[in-house]
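**Q** what's the 3D shape of this:
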Amino acid sequence: MEPDSNYKYGIKSTFSQCLALVGAGFLQVGVGTQLICSTVIIGALLDRSNENERLTMTIEQMSWFGSLLYLCTPLGSVFSSLVLDRLGHKNCMIITNIPYLVSQIIFFYAENVETMYVCSIMMGLGVGFSGGPFSAYLGEVCEPKLRGALMSATNVFFFSGSLLLTTIYAITRQWRLTVLANMAIPIITIVILCMSPDSPMWLLSKGKTEKAHRTLGKLRGWVSHDKCSNEFHEMVVFVSANKNSSNDKNEKNNSDSSWKQLMQPDVLRPFRLLLIYFFFSNLLSGVPFGPYLVEVFLTFGANVDAQWTVAFSLCISIVGGILTIFLVNRLGKRFLTLTTLSICSICYISIGLIGIYWTDSNQIKAWLLLICFFISTLVASFGIMPIGWILLTEIFPMKSRNITCSICSTLSFILSFFMTKYYPNVVYLVDFYNTFTIFGFGGLIGCVYFYFCLPETENKTLQEISEFFK
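**A** Numbers count the residues shown, from 1 in each chain. As a prediction, this is how the structure comes out:
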């Protein structure tokens, strides 16, 4: 039976899927606040005007504080991969809010650097734990034609969380009060997730066929069993095929584990592609200098308030995230990747060349640098930044999706750790503006790779995508 990627459920189906993903969206709000937290706090500690602040950090300590979150996500991701099949996507997404909430409470009372490190580690564990369940949940709950757009919509939630935290700090200028207000996010997320449905595919894998059929009917606009029977049959075939494949391998060798599935071509090929994608996405979307964003804007030299400039850059990212919702289905992920990666690379090279060869320090130069940076921020936010995470929900076969989603999320954050931790060292070695130039030329290399190796997955069923990589 040929998979049909357009089931034509109607507007009620779109609404019900959006409603089901509100909890996952708020989870991304929390991830956004956690990832921008170090930027806010480091910026606050660099501001010497606050005489009441009793906490201080050296540049080396700031680099550790800003990068420890990324380093500790692997532990959360590994633990997530071990319990995801048993607990399910929804329960795992609920659990991830616990270390998030505790870290914000400890932040508020922190008086030394070691305590700040502990908070960063806890946030890293929570963020890592959330990656696999979140990505797999979206891939299994959404219709193929809506998957890209709805995944992009959650990206808007991510940027909104970052914007919320930076705006609160820009208004209050007190980072402790900011994290105190931020405690509301995980509480709200837990409440919403408790009312969200489980993934029909996960329910099928647990033998809960009737409940899976009812859940699918609700997700497709509260339709009858007959209305969604074709899609449900495809799900049953898909889940059964993956179960049989796993059982056959277990009969041949009982010592085989899900980890060894990574060596199979239909898993290894998308795994390699996605890892390379995350490398170039992180490199050209501002990850290396994320915690030091306030210092970056100060170096540009424009007469702007650095804290509000950070908030404005996140507003631009939200606009980009909204554009993704409307563009990804029309233009496709391949075209958006090649276009946005090229533009970001050109912007970074321009920042580097202007900074190096325009020797006069004036506001025209400063604003040109800022404009190039804002353009790259906008373009990255509707292209290379969200598309990697959309691909994560699509390109792996179900038999290994949970573990590969978790591992890819882990490796993405490990890349982020190295880029963030050693960004000050790179700047020290090659100079601030040369760093942008190097990143830009690296992005052009990525364009060449994706031109030859990145397939189009938009509006394809998970089974069709899986067949491509076999």
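
**Q** Extract the C-alpha trace of stretch 319-337 and format it as PDB.
**A** Listed in PDB are the C-alpha atoms of stretch 319-337, where the atom choice follows Å, rounded to 0.1, in the frame of the first residue of the first chain:
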ATOM      1  CA  VAL A 319       9.900  36.800  13.300                       C
ATOM      2  CA  GLY A 320      12.100  34.200  11.500                       C
ATOM      3  CA  GLY A 321      10.500  31.400  13.400                       C
ATOM      4  CA  ILE A 322       7.000  32.600  12.200                       C
ATOM      5  CA  LEU A 323       8.300  32.800   8.600                       C
ATOM      6  CA  THR A 324       9.400  29.200   8.800                       C
ATOM      7  CA  ILE A 325       5.800  28.100   9.500                       C
ATOM      8  CA  PHE A 326       4.700  29.600   6.200                       C
ATOM      9  CA  LEU A 327       7.900  28.900   4.100                       C
ATOM     10  CA  VAL A 328       9.000  25.400   5.000                       C
ATOM     11  CA  ASN A 329       6.000  23.700   3.300                       C
ATOM     12  CA  ARG A 330       6.200  25.900   0.200                       C
ATOM     13  CA  LEU A 331      10.000  26.100  -0.400                       C
ATOM     14  CA  GLY A 332      11.100  22.800   1.200                       C
ATOM     15  CA  LYS A 333      13.800  22.200   3.800                       C
ATOM     16  CA  ARG A 334      16.600  21.600   1.200                       C
ATOM     17  CA  PHE A 335      16.100  25.000  -0.500                       C
ATOM     18  CA  LEU A 336      15.800  26.900   2.800                       C
ATOM     19  CA  THR A 337      18.900  25.200   4.100                       C
END
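
**Q** In three-state terms, label Asp360 for me.
**A** The three-state label given to Asp360 by DSSP: H, G, I helix; E, B strand; the rest coil is coil.

**Q** Okay, helices next: where are they in the stretch 101-250 of the chain?
**A** Listed from the start of the chain, the stretch 101-250 of the chain has helices (DSSP state H, counting those that start in this stretch) covering 113-141, 144-172, 175-182, 184-194, 200-205, 209-219, 229-252.

**Q** Dump those helices into CSV; add mean neighbour count as well.
**A** In short, each C-beta sits where N, CA and C put it, glycine included. Below are the helices of the stretch 101-250 of the chain laid out as CSV (neighbours: other CB atoms under 10 Å):
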stretch, mean neighbour count
helix 113-141, 24
helix 144-172, 23
helix 175-182, 20
helix 184-194, 17
helix 200-205, 24
helix 209-219, 18
helix 229-252, 15
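
**Q** and Val310, which of the ones you listed is closest to it?
**A** Judged by CB to CB, the one of the helices of the stretch 101-250 of the chain that comes nearest to Val310 is helix 144-172, at 5.1 Å.

**Q** packing partners for the closest one?
**A** Counting by 3 or more CB pairs under 8 Å, 6 or more residues apart in numbering; DSSP states H and E, the packing neighbours recorded for helix 144-172 are helix 11-20, helix 22-46, helix 113-141, helix 175-182, helix 306-331, helix 384-392.

**Q** Try it again at 6 Å.
**A** helix 22-46, helix 175-182, helix 306-331, helix 384-392 (3 or more CB pairs under 6 Å, 6 or more residues apart in numbering; DSSP states H and E).

**Q** between these, which gets nearest to Gly442?
**A** Ranking the helices and strands packed on helix 144-172 by distance to Gly442, with CB to CB as the measure, places helix 384-392 first at 12.5 Å.

**Q** Could you pull up the mean pLDDT of that closest one?
**A** This predicted structure assigns helix 384-392 an average pLDDT of 86.

**Q** the inter-axis angle of the helix or strand just after that helix versus helix 22-46?
**A** Proceeding N to C from helix 384-392, the next assigned helix or strand is helix 398-421, under DSSP states H and E. Taking axes from the mean of the first three to the mean of the last three CA atoms, to 10 degrees, one finds helix 398-421 and helix 22-46 inclined to each other by 10 degrees.

**Q** got any ranges where the stretch 351-470 of the chain has weak pLDDT?
**A** The stretch 351-470 of the chain contains residues with pLDDT under 70 at 398-399, 402, 459-463, 467-468, 470.

**Q** same thing but 90
**A** Screening the stretch 351-470 of the chain residue by residue with the criterion pLDDT under 90, one finds the ranges 358-363, 382-383, 385-414, 453-470.

**Q** follow-up on the earlier one: got CSV for the helices of the stretch 101-250 of the chain, with mean pLDDT too?
**A** As requested, those are exported to CSV (pLDDT from 0 to 100):
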stretch, mean pLDDT
helix 113-141, 89
helix 144-172, 84
helix 175-182, 92
helix 184-194, 94
helix 200-205, 84
helix 209-219, 84
helix 229-252, 66
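
**Q** how about JSON lines for these, with distance to Thr309 added?
**A** Formatted as JSON lines, the entries for the helices of the stretch 101-250 of the chain read as follows, by distance: least, CB to CB, whole Å:
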{"stretch": "helix 113-141", "distance to Thr309": "24"}
{"stretch": "helix 144-172", "distance to Thr309": "9"}
{"stretch": "helix 175-182", "distance to Thr309": "17"}
{"stretch": "helix 184-194", "distance to Thr309": "23"}
{"stretch": "helix 200-205", "distance to Thr309": "43"}
{"stretch": "helix 209-219", "distance to Thr309": "41"}
{"stretch": "helix 229-252", "distance to Thr309": "47"}
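
**Q** Figure out which of those is closest to Leu338.
**A** With CB to CB as the criterion, Leu338 lies closest to helix 144-172 of the helices of the stretch 101-250 of the chain, at 16.0 Å.

**Q** Of the helices of the stretch 101-250 of the chain, which is nearest Ser16?
**A** If you check each of the helices of the stretch 101-250 of the chain against Ser16 by CB to CB, helix 209-219 wins as the nearest, at 5.7 Å.

**Q** other SSEs contacting that closest one?
**A** Helix 209-219 sits against helix 11-20, helix 200-205, with contacts defined as 3+ CB pairs under 6 Å, 6+ apart.

**Q** and with 10 Å instead?
**A** Packing contacts for helix 209-219, counted by 3 or more CB pairs under 10 Å, 6 or more residues apart in numbering; DSSP states H and E, involve helix 11-20, helix 113-141, helix 200-205, helix 229-252.

**Q** So what touches it?
**A** Taking contacts as CB atoms under 10 Å, 6 or more residues apart in numbering, the residues outside helix 209-219 that touch it are 9, 13, 16-17, 19-21, 140-143, 197-206, 208, 223-229, 231-232, 235-236, 239.

**Q** Against Thr435, how distant is Trp358?
**A** For Trp358, the distance to Thr435 equals 17 Å [CB to CB, to the nearest Å].

**Q** more neighbours, these two?
**A** Per other CB atoms under 10 Å, whichever of Trp358 and Thr435 has more neighbours is Thr435, with 21 against 15.

**Q** just checking, that one touches Tyr292?
**A** No - under the contact definition of CB atoms under 10 Å, Thr435 does not touch Tyr292, with a separation of 11.2 Å.

**Q** okay, and the common contacts of the two?
**A** When contacts are counted by CB under 10 Å, 6+ apart, Thr435 and Tyr292 are jointly contacted by Tyr423, Val427.
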